[in-house]
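Novice: When you get a sec, could you give me coordinates for this:
(one chain, ligands or ions: 3)
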Amino acid sequence: MTDILKIALAQINLLVGDVEGNAERVVAAAREARDCHGADLVLFPELTLTGYPPEDLLMRGTLLQRSEEALKRIAREVSGIDVVVGLPLRESGYLHNSAAYLRDGKVLARYHKQVLPNYSVFDEKRYFHPGEGPCVVEVKGLPVALALCEDIWVSEPARRAQSAGARLLLSLNASPFHLSKHEERLAVLRERVHESGLPVVYLNLVGGQDELVFDGHSLAVDRDGALKLSAPAWKEGIYTLEVHFDRRDISFSGGILAPPPSPEESLYQALVLGVRDYVNKNGFSGALLGLSGGIDSALTLCIAVDALGAERVEAVMMPYHYTAGMSREDAAAQARTLGVSYREIPIAPMVEAFMNGLAEVLAGLPADTTEENIQARCRGTLLMAISNKTGRMLLTTGNKSEMAVGYATLYGDMAGGFAPLKDVSKLWVYRLARYRNTLGPAIPERVIERPPSAELAPDQRDEDSLPPYEILDGILERFVEQDQSFTDIVSAGFEPATVRRVMGLVLRSEYKRRQAPPGVRVTRRAFGKDRRYPITSGYGRLLS
Ligand SMILES: Nc1ncnc2c1ncn2[C@@H]1O[C@H](COP(=O)(O)OP(=O)(O)OC[C@H]2O[C@@H]([n+]3cccc(C(=O)O)c3)[C@H](O)[C@@H]2O)[C@@H](O)[C@H]1O
Ligand SMILES: Nc1ncnc2c1ncn2[C@@H]1O[C@H](COP(=O)(O)OP(=O)(O)OP(=O)(O)O)[C@@H](O)[C@H]1O
Ligand SMILES: NC(=O)CC[C@H](N)C(=O)O
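Specialist: Numbering: from 1, shown residues only. Ligands and ions are numbered 1, 2, ... in the order given. Below is the predicted model of the structure:
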């Protein structure tokens, strides 16, 4: 006889540190899974109660106490459905990254994550002790095993679960997004299924947390490696799957198969969700930015509007002598198209006041970046004043290519709380701007077509000081994201002098990046947690 187990995947957005609020979300979602979807079992993401990653909050004893209290509360308040939640648990003096299996008001089983990731943005060995074995629970007569995120990326935990008699693997995840991560996950799941013979139900967190953004995009892969559930990316929801099983066979049905997003859509949605959650979870009333008529601020404005709604976003044009007429026209036109509040504040009087104050310092010296930076800093000061007064957070507009080579002014255009494009190369900025215009009128075509310029000096173009972006981004991708050597990059066809110069700029600009606001990580190697270079270093010496 075939039995059916209905599993609900609660792909929800949680708030790090808000243990009680997260527990409330769990109770509500579990009741919904039971009452509206008729589920027998509901899964929640890794470290559900603390949110992921809780970082050094884990070193505060109260976080653990609050998590244990919250677990008791969920056990008390939810019945008629099995619930699997993630939380930190201390056992025999060791702290574990764990999952608790709840049934009828009791903790039926506890599972401790066996494989702790400690690379890239992950730092779990700083906090946790690994678990040593599988955890198998029977539900409606089907033995299921629990896995926590990194457990599924290596062979051993699934093999152990299979040896312990499990017939299905339930994987709870907090797996951050980067471009093509979804395809990587699917390949990993298929490999595990192939090795262990166990089908996998894979639930992922959705939401933004500082630099990280989690795409949801939960999955289920059956014993043949076929995809039987692919939940929408970037959206909260409760998605169900029926598991049909008898003594020998096990199969899945009824799972949603959402169409996979294009790379442009994925990346754009990652930025939108990253900005929305950063602004909202930190309690800002909205966001503002300097709108220059250039492409970086134009794209940042679209992201802000899509994240927060036009009424919560404000754009400020701050012209100076070098601001072209078309920059003012295009900035005003974009603000009008998107329906955001827009004002102009000319900076000439402030720049002149600084110049006069510095007359003695500047006397007899040629103009250089000093004067350019005064313009950028006047703009930064004005924008921060508006932020202070309105409670809107300043979005800084620099992209990954600029941040890599230090092409930005400290306390000037680097001022701000969050940098949406920090991990987006200039070539991707163009791709995303074109993509956004396919969704409806947003960015004036001229903004996309015109050559990039900082407009800080007469007739200035980015290409006067930097290699063309096709070349710059090619070198940066190899050096920063793929860790290639000078020789590797030159062998790929780039001019040695340009490679040397770009590598030198990257190494020398570390001090700027350390002072830069956080931004959304969308590549496998972002500046920030993912790439930690020394500021003070003699390493670049051999390059010159
Ligand atoms: N290792 C180190 N540790 C700590 N601080 C260090 C440092 N090295 C320099 N510094 C400090 O940093 C200063 C230099 O940095 P900073 O004042 O920012 O100025 P700087 O890097 O000299 O100039 C800014 C550059 O960014 C370009 N820019 C500006 C604005 C917008 C855009 C754009 O198109 O988006 C481009 C501009 O054309 C110029 O090339 C030094 O004078 C020194 O005070
Ligand atoms: N005239 C201006 N009015 C308002 N903000 C400005 C102005 N000039 C510069 N800014 C702010 O400083 C940031 C950096 O300036 P910059 O001109 O380099 O960038 P951009 O115009 O957005 O793009 P691009 O680098 O392609 O020119 C802008 O994105 C914008 O936020
Ligand atoms: N939280 C985790 O263990 C995540 C690690 C995993 N390899 C991922 O990014 O999907």
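
Novice: Please determine how far Ile57 is located from Gly17.
Specialist: Rather than Ile, residue 57 is Leu. 6 Å (C-beta to C-beta, to the nearest Å). In short, each C-beta sits where N, CA and C put it, glycine included.

Novice: Find residues that contact each of the two.
Specialist: Thr50, Leu63 (C-beta atoms under 8 Å, 6 or more residues apart in numbering).

Novice: contacts for stretch 514-524?
Specialist: By C-beta under 8 Å, 6+ apart, stretch 514-524 touches 120-121, 176-179, 208, 210-213, 267, 270-271, 274-275, 278, 396, 398, 400, 403, 408, 410, 414, 416-424, 481, 526-528, 530, 535.

Novice: ok, now stretch 303-311?
Specialist: 268, 271-273, 275-276, 279-280, 286-287, 289, 313, 338-340, 395, 420.

Novice: Keep only the residues you listed that also lie close to ligand 2.
Specialist: Leu289 (C-beta under 6 Å from any ligand atom).

Novice: quick one: which of the contacts of stretch 303-311 sit in helices?
Specialist: Tyr268, Leu271, Val272, Leu273, Val275, Arg276, Val279, Asn280, Leu338 (DSSP state H).

Novice: out of these, which touch ligand 1?
Specialist: Counting by C-beta under 6 Å from any ligand atom, no member of these reaches ligand 1.

Novice: If any of the contacts of stretch 514-524 are buried, put those into a PyMOL selection.
Specialist: Of those, the buried ones can be selected in PyMOL as follows, counting by 16 or more other C-beta atoms under 10 Å:
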select buried, resi 121+176+177+178+208+210+211+212+213+267+270+271+274+275+278+396+398+400+403+408+410+414+416+417+418+419+420+421+422+423+424+481+526+527+528+530
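
Novice: Which of the contacts of stretch 514-524 fall in strands?
Specialist: Mapping these onto strands (DSSP state E) picks out Gly208, Leu212, Val213.

Novice: In this structure the second one contacts Glu55, no?
Specialist: It stands for Leu212. No. Using C-beta atoms under 8 Å, Leu212 makes no contact with Glu55, being 10.9 Å away.

Novice: does any part of stretch 527-537 sit near ligand 3?
Specialist: No. Judged by C-beta under 6 Å from any ligand atom, stretch 527-537 and ligand 3 are separated, with a smallest distance of 11.8 Å.

Novice: Name the residues that touch that stretch?
Specialist: By C-beta under 8 Å, 6+ apart, stretch 527-537 touches 120-121, 123, 211, 400, 403-404, 422-423, 480, 507, 510-511, 513-514, 516, 518-519, 521, 524-525.

Novice: So for it, mean pLDDT?
Specialist: Averaged across stretch 527-537, the pLDDT comes to 94.

Novice: For the residue of the chain most remote from its centre, which three-state class applies?
Specialist: Farthest-out residue of the chain from its mean C-alpha position, per C-alpha atoms, centre = their mean: Gly364, at 48.3 Å. Per DSSP: H, G, I helix; E, B strand; the rest coil, the local secondary structure of Gly364 is coil.

Novice: will you turn the ones in helices among the contacts of stretch 303-311 into JSON lines that also has pLDDT?
Specialist: Listed next are the ones in helices among the contacts of stretch 303-311 as JSON lines, based on pLDDT from 0 to 100:
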{"residue": "Tyr268", "pLDDT": "98"}
{"residue": "Leu271", "pLDDT": "98"}
{"residue": "Val272", "pLDDT": "98"}
{"residue": "Leu273", "pLDDT": "98"}
{"residue": "Val275", "pLDDT": "98"}
{"residue": "Arg276", "pLDDT": "98"}
{"residue": "Val279", "pLDDT": "98"}
{"residue": "Asn280", "pLDDT": "98"}
{"residue": "Leu338", "pLDDT": "98"}
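
Novice: Distance to Ser262 for these - can I get that in TSV?
Specialist: Below are these laid out as TSV (distance: C-beta to C-beta, whole Å):
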residue	distance to Ser262
Tyr268	9
Leu271	14
Val272	15
Leu273	16
Val275	20
Arg276	20
Val279	26
Asn280	26
Leu338	22
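
Novice: Just the closest of the residues you listed to ligand 3, please.
Specialist: Nearest to ligand 3 out of the ones in helices among the contacts of stretch 303-311 is Leu273 (C-beta to the nearest ligand atom; 16.8 Å).

Novice: Isn't the closest one up against Leu212?
Specialist: No. Taking contacts as C-beta under 8 Å, Leu273 lies outside contact range of Leu212: 10.8 Å.

Novice: What residues sit buried inside stretch 380-391?
Specialist: Gly380, Leu382, Leu383, Met384, Ile386, Ser387.

Novice: Nearest residue to the closest residue to ligand 3 within the stretch 151-300 of the chain in space, ignoring adjacent ones along the chain?
Specialist: As assessed by C-beta to the nearest ligand atom, ligand 3 sits closest to Ser175 within the stretch 151-300 of the chain, at 3.1 Å. With C-beta to C-beta, 6 or more residues apart in numbering as the criterion, Ser175 has its nearest non-adjacent residue at 5.2 Å, and that residue is Asn204.

Novice: In the beta-sheet assignment, what are the partners of the one you found?
Specialist: In this structure, Asn204 bridges to Asn173 when assessed by DSSP bridges.

Novice: Now do the contacts for the residue in the chain positioned nearest to ligand 2.
Specialist: As assessed by C-beta to the nearest ligand atom, ligand 2 sits closest to Gly294 within the chain, at 1.8 Å. Contact partners of Gly294, counting by C-beta under 8 Å, 6+ apart, are Ser327, Val447, Pro452, Ser453, Glu455.

Novice: Which stretches in the stretch 101-250 of the chain count as helices?
Specialist: Assigned by DSSP state H, counting those that start in this stretch, the helices in the stretch 101-250 of the chain fall at 156-163, 181-196.

Novice: Tell me if the shortest one is near ligand 3.
Specialist: Right, helix 156-163. No. Using C-beta under 6 Å from any ligand atom, helix 156-163 stays clear of ligand 3, coming no nearer than 11.6 Å.

Novice: check contacts around the residue of the stretch 351-500 of the chain found nearest ligand 1.
Specialist: Proximity of the stretch 351-500 of the chain to ligand 1 (C-beta to the nearest ligand atom) peaks at Ala454, 3.2 Å away. Going by C-beta under 8 Å, 6+ apart, Ala454 touches Glu372, Tyr407, Gln460, Asp462.

Novice: a markdown table for those, including secondary structure, distance to Gly255 and pLDDT?
Specialist: A markdown table is the format used below for these (DSSP: H, G, I helix; E, B strand; the rest coil; distance: C-beta to C-beta, whole Å; pLDDT from 0 to 100):
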| residue | secondary structure | distance to Gly255 | pLDDT |
| --- | --- | --- | --- |
| Glu372 | helix | 56 | 95 |
| Tyr407 | coil | 47 | 96 |
| Gln460 | coil | 54 | 81 |
| Asp462 | helix | 48 | 79 |
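
Novice: This structure - how does it break down into domains?
Specialist: 3-258, 265-543 (automatic domain parsing).

Novice: Any idea how far the last one is from the middle of the chain?
Specialist: Read that as domain 265-543. Put simply, domain 265-543 sits 18 Å off its chain's centre (C-alpha atoms, centre = their mean, to the nearest Å).

Novice: first to last residue in it, what's the distance?
Specialist: Using C-alpha to C-alpha, to the nearest Å, one end of domain 265-543 lies 39 Å from the other.

Novice: of the contacts of Gly294, closest to Met355?
Specialist: Using C-beta to C-beta, Glu455 is the member of the contacts of Gly294 that sits closest to Met355, with 17.7 Å.

Novice: Just give the nearest non-adjacent residue to the closest one, would you?
Specialist: Using C-beta to C-beta, 6+ apart, the nearest residue to Glu455 is Tyr322, at 4.8 Å.

Novice: So what's the residue count around the one you found?
Specialist: 16 (other C-beta atoms under 10 Å).

Novice: and what of Ser180?
Specialist: Counted with other C-beta under 10 Å, the neighbours of Ser180 add up to 12.
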